[in-house]
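Trainee: Got a predicted structure here, sequence first:
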Number of protein chains: 2
Amino acid sequence: MYHQQAYALGSNRSCIRELFEYGRIRAKEVGPENVFDFSIGNPSIPAPPQVDETIRQLLTDTDSLSLHGYTPAVGDDATRQAIAQSLHDRYGVDVTADELFIGSGAAPELCAVFKALTFPGAKILALAPYFPEYKPFVEAAGAIFEAVPPDIPGFQIPLQALEQRLTENTAAVIVNSPNNPSGAVYTRQALQQLAQLLQRKQKQFGHPIYIVSDEPYRELVYDGVSVPFIPTIYTNTVVCYSFSKSLSLPGERIGYIYVPRQATDGQALYLAVAGAARSLGHVCAPSLWQKVIARCCHLQPDLLAYDKNRRTLYEGLLQAGYEIAPPDGAFYLFVKAPGGDAQAFSEFAKTMDILLVPGDGFGCPGWFRLCYCVSYDKIVRSLPVFARLLEKWNEK
Amino acid sequence: MYHQQAYALGSNRSCIRELFEYGRIRAKEVGPENVFDFSIGNPSIPAPPQVDETIRQLLTDTDSLSLHGYTPAVGDDATRQAIAQSLHDRYGVDVTADELFIGSGAAPELCAVFKALTFPGAKILALAPYFPEYKPFVEAAGAIFEAVPPDIPGFQIPLQALEQRLTENTAAVIVNSPNNPSGAVYTRQALQQLAQLLQRKQKQFGHPIYIVSDEPYRELVYDGVSVPFIPTIYTNTVVCYSFSKSLSLPGERIGYIYVPRQATDGQALYLAVAGAARSLGHVCAPSLWQKVIARCCHLQPDLLAYDKNRRTLYEGLLQAGYEIAPPDGAFYLFVKAPGGDAQAFSEFAKTMDILLVPGDGFGCPGWFRLCYCVSYDKIVRSLPVFARLLEKWNEK
């Protein structure tokens, strides 16, 4: 007499969690320094010092009732205005506070947006490789989830495969760039082509097709690659942002939804997002964190450590003979599984205490994900092990 | 092409919000000291000083990655152990950490529990008067919401009316004591009778009927009244707790769910709750706040200010001729609307700048709610206005 699907979700641990737990057990057996755990995308650089400093200031200059009290459900005015200003400074866009909804991180934001976009029979598409939680989120919203096969080996937008799957029932396409797990960043040109395709299909079907842009990695890019701000390319874009990665605050649950007023039904959609969030139990995003963000949302992450890890791991693996997706953003390398069976390769790697996540769960079998948000020392020490792993695998 | 029900929820402001906004506008017109706004249940006593002190300590003694990083979805071990200990100290119950799930306040906790308890055709009952958000939460979970008419004027459990509504499809009964809006506290005897009724009906229908106990006001009681811990009276009880009121942290979104292992299907239900939360976008409760709670969950609120307000308002209104429900807990007085039409009375009160919430939205027409979490000075100055209000109303 309980919800069977919820039970399944609660009892089936994700493959990533399984690996992570295995890594913890192995660390106890052989010492943490001997386990090369690349399984979990947990930021490894601390929050900028201004964040903790701002908390100390708030404890001094803001009275307790206001600091810890309810905010409006859509978020504090000051927070929304600061974010609007920061978006203007970064992208030259005119965003107003009442197009912004402060949420508790990308996950509940996506859930609210998916629900708001769902009509009877609605389908929401994700471009593989994709973050696995999209599927339960879309299904909980009452829509049908469908994956679009990946564009290999460039990991750009699989336009042709997408076009084949756009139907009358398509409510939205989820875009995640910089991408988890591939690390690829969609180019402006690819996004423009996507916009053209969707505009054409909107006309054909006579209703909007939204892009839901999941942007927790927006600021995590390297080598001067730029991440276009999608609402400037395609109007019907709803942005779900999180400060989890840019400010290294993944546990604190703070971000925002941007519903452009100029999007089709923009104002109504904003209210539907607010209503959907309410029906999911959203009261307000954590108040203290809203006030921190009001003062800190302009900060940029210090990417030097990630970049150093990225270059070292990328170049080392290339040299060892691995094939890797363009490593432009986020903190992931996506690597082709030698032989083509990523699950078998992941199992084999475990015997050498290397933990890597097969791409199957991301809708991209035959590839595996490495999170390089670990210590530099571990990256360096892992390289000869990766080389030996490939040799041994090829000898099998 | 968006979710119509979500839009309705997002665009229909609650009556409470309407009144609150009206009060803000009036405050600008006539001065805040002249508006007697009893509409919003926002704590008016600050968080205990130990809370802010603990944050300062955490910023010093905990490293940033651990302080702000992801915790397990079910919550930090230390937080769950501290809450288990605190429940043991308060109620002598043996609770283990793995029966506790750290949530982001009562609203999303209730949403997850309702979803976890929902089977095809399931009904979830609420005892009037009840918190209005139960209805959208239950409906979003896919269950049918049904209200049980109130027990007037005692505002105890309406046992007969409940019995008539218990059917094969009843999945759960929501209990909220101390009650919002009535301020009543269910007696041990009433809860024992409820337990007997449910046990009988469980046998009759051959499946569990759970109590979902919504307990944000558990520690807010006066005159030595005690709040029985319902799982000790009825095993099939799931507790949704929030620190919003007890520690005056309503904006920070932190609480817990207690799913007793000894409840029917207890372990499976715990996993279903975790899965339901996951499908609603729960990743973890705010990390910093989990760590604060680990050190502060044993604190008790300082109720002196609320109690002074309560006595003064209660006695003043009685003297003026109002009829009031037993004011044992929470920070609400529930008052009989003279003439029986609470909406008309509320409208009339607005002309004298008294803002009170009609009980209709709480499933209890003919009564109105006053939140006495306002300044003592305002309570005192409101008394002659309440007296004049009643006189004028009777002269109409």
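Mentor: Looks like it came in fine. From a predicted model like this one, the values you see are computed outputs, not experimental measurements. Numbering: from 1, shown residues only, chains lettered A, B, ... in the order given.
Trainee: how many neighbours does the nearest residue to A:Tyr186 once chain neighbours are set aside have?
Mentor: Excluding the flanking residues, the one nearest A:Tyr186 by Cβ to Cβ, 6 or more residues apart in numbering or on different chains is A:Ser177, at 4.0 Å. Every residue, glycine included, has its C-beta placed from N, CA and C. For A:Ser177, the count of nearby residues is 28 (other Cβ atoms under 10 Å in any protein chain shown).
Trainee: mind pulling up the phi and psi values for A:Ser177?
Mentor: The phi/psi pair for A:Ser177 (degrees, to the nearest 10) reads phi -140, psi 130.
Trainee: try A:Leu280
Mentor: In terms of degrees, to the nearest 10, the main-chain angles of A:Leu280 are phi -100, psi 0.
Trainee: wait, isn't it in contact with A:Lys115?
Mentor: Yes. Taking contact to mean Cβ atoms under 8 Å, the distance of 7.2 Å between A:Leu280 and A:Lys115 places them in contact.
Trainee: What residues does A:Leu197 make contact with?
Mentor: Contact analysis of A:Leu197 by Cβ atoms under 8 Å, 6 or more residues apart in numbering or on different chains lists A:159, A:162-163, A:166.
Trainee: How about A:Pro158?
Mentor: A:127-128, A:148-151.
Trainee: How about the contacts made by A:Pro228?
Mentor: Residues near A:Pro228 by Cβ under 8 Å, 6+ apart: A:186-188, A:191.
Trainee: out of the contacts of A:Leu197, which one sits closest to chain B?
Mentor: Chain B has its nearest neighbour among the contacts of A:Leu197 in A:Leu166, at 14.3 Å by Cβ to the nearest Cβ.
Trainee: any idea which helix or strand carries the closest residue to the closest one other than its chain neighbours?
Mentor: When the adjacent residues along the chain are set aside, A:Leu166 lies closest to A:Lys201, with 4.8 Å between them (Cβ to Cβ, 6+ apart). In this structure, A:Lys201 sits in helix A:188-205 according to DSSP states H and E.
Trainee: In chain A, what residue spans correspond to helices?
Mentor: A:4-11, A:15-30, A:49-61, A:64-68, A:77-91, A:106-117, A:134-140, A:159-165, A:188-205, A:266-279, A:287-296, A:304-320, A:342-350, A:376-395 (DSSP state H).
Trainee: Is chain B within reach of the shortest one?
Mentor: In this case it means helix A:64-68. Yes. Residues of helix A:64-68 are located near chain B by Cβ under 8 Å from any Cβ of the partner chain, namely A:64-65, A:68.
Trainee: Flag every buried residue along the helix holding A:Lys201.
Mentor: Across helix A:188-205, burial judged by 16 or more other Cβ atoms under 10 Å in any protein chain shown covers A:190-191, A:194-195, A:197-198, A:201-202.
Trainee: okay, those residues in JSON lines with pLDDT next?
Mentor: What follows is the buried residues of helix A:188-205, written out as JSON lines (pLDDT from 0 to 100):
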{"residue": "A:Ala190", "pLDDT": "98"}
{"residue": "A:Leu191", "pLDDT": "98"}
{"residue": "A:Leu194", "pLDDT": "98"}
{"residue": "A:Ala195", "pLDDT": "98"}
{"residue": "A:Leu197", "pLDDT": "98"}
{"residue": "A:Leu198", "pLDDT": "98"}
{"residue": "A:Lys201", "pLDDT": "98"}
{"residue": "A:Gln202", "pLDDT": "98"}
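Trainee: so which of those residues comes closest to chain B?
Mentor: Within these, distances to chain B taken as Cβ to the nearest Cβ reach their minimum at A:Gln202, with 10.2 Å.
Trainee: show me what contacts that closest one?
Mentor: A:Gln202 touches A:208-209, A:236, counting by Cβ under 8 Å, 6+ apart.
Trainee: which one of the residues you listed has the most neighbours?
Mentor: Taking other Cβ under 10 Å to define a neighbour, the member of the contacts of A:Gln202 with the most is A:Ile209, carrying 23 neighbours.
Trainee: Quick check, pLDDT for it.
Mentor: The score at A:Ile209 is 98. That number is its pLDDT.
Trainee: ok so, going back, residues contacting the residue nearest to A:Tyr186?
Mentor: Taking Cβ under 8 Å, 6+ apart as the criterion, A:Ser177 is in contact with A:184-186, A:213, A:215, A:217, A:227, A:329.
Trainee: Reformat those as CSV; add pLDDT.
Mentor: Written out in CSV, the entries for those read as follows (pLDDT from 0 to 100):
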residue, pLDDT
A:Ala184, 97
A:Val185, 98
A:Tyr186, 98
A:Ser213, 98
A:Glu215, 98
A:Tyr217, 97
A:Val227, 97
A:Gly329, 97
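Trainee: nearest to A:Ile16, of the residues you listed?
Mentor: Nearest to A:Ile16 among those is A:Tyr217, at 16.5 Å by Cβ to Cβ.
Trainee: Go ahead and confirm that closest one touches A:Ala184.
Mentor: No. Proximity of A:Tyr217 to A:Ala184 does not meet the contact threshold set by Cβ under 8 Å, at 10.7 Å.
Trainee: Now the common contact residues for the two.
Mentor: Common neighbours of A:Tyr217 and A:Ala184 (Cβ under 8 Å, 6+ apart) are A:177-178, A:329.
Trainee: which of those lies closest to chain B?
Mentor: Checking the shared contacts of A:Tyr217 and A:Ala184 against chain B with Cβ to the nearest Cβ, the nearest one is A:Pro178 at 19.1 Å.
Trainee: Just the pLDDT for the closest residue in space to A:Glu219 that isn't next to it in sequence.
Mentor: What sits nearest to A:Glu219 in space, not counting adjacent residues and going by Cβ to Cβ, 6+ apart, is A:Ser246, at 4.4 Å. Per-residue confidence for A:Ser246 comes out at a pLDDT of 96.
Trainee: which residues touch A:Ser246?
Mentor: Taking Cβ under 8 Å, 6+ apart, we find A:Ser246 in contact with A:216, A:218-220, A:299-301.
Trainee: Generate a ChimeraX selection restricted to the buried entries among these.
Mentor: A single ChimeraX command suffices to select whichever of those are buried according to 16+ other Cβ under 10 Å:
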select /A:216,218,219,220,299,301
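Trainee: which among the contacts of A:Ser246 gets closest to B:Pro46?
Mentor: Comparing the contacts of A:Ser246 against B:Pro46 with Cβ to Cβ places A:Leu299 closest, at 29.1 Å.
Trainee: what's the distance between that closest one and A:Ile174?
Mentor: Look at A:Leu299 and A:Ile174: by Cβ to Cβ, to the nearest Å, they are 27 Å apart.
Trainee: Then A:Ala305?
Mentor: Separation of A:Ala305 from A:Ile174 (Cβ to Cβ): 29 Å.
Trainee: who's more crowded, the two?
Mentor: Between A:Ala305 and A:Ile174, counting by other Cβ under 10 Å, A:Ile174 is the more crowded of the two (25 against 17).
Trainee: If anything else comes up later, I'll come back, but that's it for now.
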